[in-house]
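*Asks:* using only what follows, build the 3D model:
(chains A and B)
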Amino acid sequence: MKERGEAEDFVTPGEVLGKTSELKPGNGAYVSPQDNTVYASLAGIRSLTPPPPESADLRPTVEVKGHKAHGPVPEPGAIVLARVTKVMAKMASADIVCVGPKSVREKFTGIIRQQDVRATEIDKVEMHSSFRPGDIVKALVLSLGDARAYYLSTAKNELGVVSAESAAGETMVPISWTEMQCPSTGQIEQRKVAKVGA
Amino acid sequence: MEAKPSVAPSSFIDQQVFPGDLVLDLSKMTNQTIKLGGGLCQDGDVISVMKAGKLRFSKPNKYWVESSHKRYVPSVGDNVLGIVVEARADNFFVDIKGPALAFLPVLAFEGGTRRNIPKFETGTLLYVRVVKANTGMNPELSCTDAMGKAAEYGPLKDGFMFESSTGLSRTLLSSPTCPVLETLGKKIAFEIAVGLNGRVWVNATSPSIIVLVANTIMQTESLSPAQQKIRVENLLQKLQ
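*Replies:* Next comes the predicted model:
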């Protein structure tokens, strides 16, 4: 149910939304430079957001929200939760599960390179002592990367392994920023652990 | 589920054990700090067997299960015989009879620099040392020892390589020297390289000697030490 005061305009891709002199394109809209017009690029509901008060630009932003709500998409600078799928000598692959607090609808892959695991002594990083397949890690999206995967980084204290299973199958308890311990067998395994809490 | 084993641990040592056997009960042992090697798993207070084989014990507190397989599980520090499959910019891909191809960095040689990278063709036999062997990752190899010296590692030229089980490799490498090699060595001059992954390389001056040594080793694998000696002496007599 829409609670906004705007009129519910359903627009289709290619429909004219206005002129660039009056409107700024947002999500789902684009500007054609030949004739300075803002067109819609998605099929959905048009919505106008008034400009922020401090900006010099006084044009409202026009957005088109698709009728099918898409899940969140990782953007550079977002904190994501990912499950590690493969650990190799110089990098680890992970499937992105959540962007911020929301879970994603499509499959996104991320790569954590050896130099992005931590901030200090980056050439001495052992990938196997930082992550194992199956670990849940909190990471920062560095960039969109290439066609295959986003580039992720865990090079901060609060980033790294959040939850991991030991070889015996139990969820491990973190005991330092490099070690986690299995509660049933007492074995200590090495991980790059995220600092949780204050 | 937990059947309290009423047998003392000493009765299982050096015996054939099977998966599911409960071999140790920690609550009944005086020294409760023990080291478990391959094939054993802790289940609360009981140690159970996961791999069929012989239970071995070494003082003061190490237990493990020894078994012989045709497959090799890469483990750090092992000396193995690998075959080059592909040469890439940074690594050679080497087959060591494990679940995954192993990487041999092109600089992992004594005095190795970017200028003198060895050129190994596909199929070259190498004597290498396993440096990293983590589950899920490709193992990493090296042609130097821990100090960085070449120490016999590298390509093996001429000779003949045959594949057998990991148990035979361990027997051939055991000390004191196993009876087969000792008896053969008294009469014949030959060179041998044993890989813990079940590959053995033999070299000698003439092909007939190589064939004799290789066949002898393969045929005497399942014989007891005394039988081995007798068999080898019979074979040698036939040669002379």
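*Asks:* and chain A, what are its domains?
*Replies:* Following automatic domain parsing, one finds the domains of chain A at A:9-66, A:79-190.
*Asks:* residue contacts, the closest residue to chain B within chain A?
*Replies:* Going by C-beta to the nearest C-beta, chain B is nearest to residue A:128 of chain A, at 4.4 Å. Glycine gets a C-beta too; all of them are placed from N, C-alpha and C. By C-beta atoms under 8 Å, 6 or more residues apart in numbering or on different chains, residue A:128 lies in contact with A:87, B:132, B:134, B:137.
*Asks:* quick check: it is in a helix.
*Replies:* Yes: Residue A:128: assigned to a helix according to DSSP: H, G, I helix; E, B strand; the rest coil.
*Asks:* now rank the contacts of residue A:128 by neighbours and give me the top one.
*Replies:* Neighbour counts for those peak at residue A:87, which has 23 neighbours (criterion: other C-beta atoms under 10 Å in any protein chain shown).
*Asks:* hey, which strand is longest across chain A?
*Replies:* Under DSSP state E, the strand in chain A containing the largest number of residues is strand A:102-113.
*Asks:* okay, buried residues for it please.
*Replies:* Neighbour counts using 16 or more other C-beta atoms under 10 Å in any protein chain shown place A:104, A:108, A:110, A:111, A:112, A:113 of strand A:102-113 among the buried residues.
*Asks:* and the pLDDT at the fourth one?
*Replies:* The reference is to residue A:111. The model reports residue A:111 with a pLDDT of 96.
*Asks:* quick one: it and residue A:144 touch, right?
*Replies:* No: if you go by C-beta atoms under 8 Å, residue A:111 and residue A:144 don't touch, sitting 11.7 Å apart.
*Asks:* what sits against the spatially most central residue of chain A?
*Replies:* Nearest to the geometric centre of chain A sits residue A:74, at 2.7 Å (C-alpha atoms, centre = their mean). Counting by C-beta under 8 Å, 6+ apart, residue A:74 touches A:80, A:96, A:99, A:104, A:108, A:110, A:141, A:150.
*Asks:* quickly find the element holding it.
*Replies:* In the assignment (DSSP states H and E), residue A:74 maps to no helix and no strand.
*Asks:* how near is it to residue A:65?
*Replies:* Distance from residue A:74 to residue A:65, counting by C-beta to C-beta, to the nearest Å: 19 Å.
*Asks:* next: residue A:51.
*Replies:* Distance of residue A:51 to residue A:65, computed by C-beta to C-beta: 19 Å.
*Asks:* who's more crowded, the two?
*Replies:* residue A:65 (16 against 13).
*Asks:* quickly list what that one is bridged to.
*Replies:* Beta-bridge pairing for residue A:65 (DSSP bridges): residue A:45.
*Asks:* residues contacting it?
*Replies:* A:27, A:28, A:42, A:44, A:45, A:47.
*Asks:* for the second one, which non-adjacent residue is spatially closest?
*Replies:* It stands for residue A:28. residue A:64 (3.1 Å; C-beta to C-beta, 6 or more residues apart in numbering or on different chains).
*Asks:* do the same with the third one
*Replies:* On the basis of C-beta to C-beta, 6+ apart, the spatially nearest residue to residue A:42 that is not a chain neighbour turns out to be residue A:28, at 4.0 Å.
*Asks:* tell me if I'm right that that neighbour and residue A:63 touch.
*Replies:* Yes: the criterion here is C-beta under 8 Å, and residue A:28 meets it with residue A:63 at 5.7 Å.
*Asks:* run the chain-centre distance for the strand or helix carrying residue A:10.
*Replies:* Take DSSP H and E as the rule and residue A:10 turns out to sit in strand A:9-11. Taking the mean of its C-alpha atoms, strand A:9-11 sits 29 Å from the chain's own mean (C-alpha atoms, centre = their mean, to the nearest Å).
*Asks:* report all helices and strands that it contacts.
*Replies:* When contacts are defined as 3 or more C-beta pairs under 8 Å, 6 or more residues apart in numbering or on different chains; DSSP states H and E, strand A:9-11 packs onto strand A:44-49.
*Asks:* which elements pack onto the strand it packs on?
*Replies:* Here strand A:44-49 touches strand A:9-11, strand A:61-66, going by 3+ C-beta pairs under 8 Å, 6+ apart.
*Asks:* which of those strands is buried the deepest?
*Replies:* strand A:61-66 (a mean of 19; mean count of other C-beta atoms under 10 Å in any protein chain shown).
*Asks:* what's the average pLDDT for that strand?
*Replies:* For strand A:61-66, mean pLDDT rounds to 83.
*Asks:* quick one: contacts for residue A:188?
*Replies:* Residue A:188 makes contacts with A:175, A:179, A:180, A:181, A:182, as judged by C-beta under 8 Å, 6+ apart.
*Asks:* ok, and the closest non-adjacent residue to residue B:191?
*Replies:* In space, residue B:191 is closest to residue B:203, 4.3 Å off (C-beta to C-beta, 6+ apart).
*Asks:* roughly how far apart are that neighbour and residue B:156?
*Replies:* From residue B:203 across to residue B:156, the span is 8 Å (C-beta to C-beta).
*Asks:* likewise residue A:23?
*Replies:* Distance, residue A:23 to residue B:156, using C-beta to C-beta: 75 Å.
*Asks:* how about residue A:132?
*Replies:* Distance, residue A:132 to residue B:156, by C-beta to C-beta: 35 Å.
*Asks:* looking at these two, which one has more neighbours?
*Replies:* residue A:132 (23 against 17).
*Asks:* distance of the nearest residue to residue B:57 once chain neighbours are set aside from chain A?
*Replies:* Once flanking residues are discounted, residue B:57 sits nearest to residue B:13: 4.6 Å by C-beta to C-beta, 6+ apart. Distance, residue B:13 to chain A, by C-beta to the nearest C-beta, to the nearest Å: 23 Å.
*Asks:* state the pLDDT value of residue B:13.
*Replies:* Residue B:13 carries a pLDDT value of 84.
*Asks:* rewinding a little: find the residues that touch each one of residue A:111 and residue A:144.
*Replies:* Residues within reach of residue A:111 and of residue A:144 at once, by C-beta under 8 Å, 6+ apart, are A:150, A:151.
*Asks:* tell me, what residue is most central in chain B?
*Replies:* Geometric centre of chain B, nearest residue: residue B:196, 2.1 Å, by C-alpha atoms, centre = their mean.
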